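Chemist: The amino acid sequence is not available; the structure is as follows:
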């Protein structure tokens, strides 16, 4: 039986313009009101996730920085994974590389990150990967930013650790995402859903692909697997 939801944010509960879909918020609040645990997962910072969790109305459990940080509920300490020192060294190398060509990177909240570092997709990600080929970091392209993260750290590894602390079997989670950085968490959850706007690799790994895109697709998935089953007490599951 599905007991919890693990959901990406950008491209999943938003529109293509990154504005949060109000229907998705109502669907999440409906789940919370029915006793379903909701975990938000993102490449964003922990402080961003804290504020978003409060505004949406979850209990404050989230995954941030693509798995580099997670937390169980408001008021509890952050769990931090990865080696940000390695990411700092790698970032300096990338900055030097592009500065030599008159290009400055636009960094995303570097003072508020604990595990990874991120910058705007204003430079080619393949070139970044080539520059850092000998560095002990992974280069993650979320479709919204380029992240430098410790190898082996991702939303899936954070999800497994978080699920253990929540005392919920990963098989009891429905996971929803749209980008490549969501692939590991979809592969780890009991039921995997991607949206009509999802990456082709996620479509291949998902149990269900929604007919609708973005936030409307998220609502479609919630209605299929949770809301329509509230009367029976069993999740709807038709992969």
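Modeler: Structure's in. What do you need? These numbers were taken from a predicted model, which means no experiment stands behind them.

Chemist: which stretches of this protein form helices?
Modeler: Counting by DSSP state H, the segments of the chain that form helices are 22-33, 46-56, 84-99, 125-131, 155-166, 183-188, 200-205, 214-225.

Chemist: Buried residues in the fifth one, which are they?
Modeler: Using 16 or more other Cβ atoms under 10 Å as the test for burial, helix 155-166 gives 155, 156, 157, 158, 159, 162, 163, 166. For every residue, glycine as well, the C-beta is placed using N, CA and C.

Chemist: pretty sure the third one contacts residue 185?
Modeler: When you say that, I think you mean residue 157. No. Contact criterion Cβ atoms under 8 Å: residue 157 and residue 185 do not qualify, at 9.0 Å.

Chemist: okay, now residue 112: neighbour count?
Modeler: Neighbours of residue 112 under the rule other Cβ atoms under 10 Å: 13.

Chemist: so who does the residue lying closest to it once chain neighbours are set aside touch?
Modeler: Distances taken as Cβ to Cβ, 6 or more residues apart in numbering place residue 45 nearest to residue 112, at 4.5 Å, with adjacent residues excluded. Residues in contact with residue 45, defined by Cβ atoms under 8 Å, 6 or more residues apart in numbering, are 64, 65, 109, 112, 113.

Chemist: Show me which of these are buried.
Modeler: Neighbour counting by 16+ other Cβ under 10 Å classes 64, 65, 113 among the contacts of residue 45 as buried.

Chemist: Report pLDDT for the residue nearest to residue 23 when sequence neighbours are not counted.
Modeler: Leaving aside its chain neighbours, residue 23 sits nearest to residue 219 (4.8 Å; criterion: Cβ to Cβ, 6+ apart). For residue 219, the pLDDT comes out at 97.

Chemist: wouldn't residue 219 be in contact with residue 28 here?
Modeler: No. Using Cβ under 8 Å, residue 219 is not in contact with residue 28; the gap is 9.6 Å.

Chemist: In the chain, where is pLDDT below threshold?
Modeler: 228-239 (pLDDT under 70).

Chemist: Give me the outermost residue of it relative to its centroid.
Modeler: residue 100 (33.2 Å; Cα atoms, centre = their mean).

Chemist: Could you pull up phi and psi at it?
Modeler: The phi/psi pair for residue 100 (degrees, to the nearest 10) reads phi -60, psi -20.

Chemist: From residue 128, how far out is it?
Modeler: 14 Å (Cβ to Cβ, to the nearest Å).

Chemist: same thing with residue 174?
Modeler: Distance of residue 174 to residue 128, computed by Cβ to Cβ: 33 Å.

Chemist: Switch the contacts of residue 45 over to a markdown table; also include distance to residue 53.
Modeler: What follows is these, written out as a markdown table (distance: Cβ to Cβ, whole Å):
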| residue | distance to residue 53 |
| --- | --- |
| 64 | 10 |
| 65 | 15 |
| 109 | 17 |
| 112 | 16 |
| 113 | 18 |
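
Chemist: ok, the residues you listed vs residue 139, which is closest?
Modeler: residue 65 (14.3 Å; Cβ to Cβ).

Chemist: which ones are touching the closest one?
Modeler: Residues in contact with residue 65 (Cβ under 8 Å, 6+ apart) are 43, 44, 45, 46, 82, 113, 114, 115, 116, 147, 149.

Chemist: Contact partners for the closest residue to the first one other than its chain neighbours?
Modeler: The shortest distance from residue 43 to any non-neighbouring residue, by Cβ to Cβ, 6+ apart, is to residue 66 (4.5 Å). With contact taken as Cβ under 8 Å, 6+ apart, residue 66 is in contact with 42, 43, 116, 140, 142, 147, 149, 153, 154, 155, 181.
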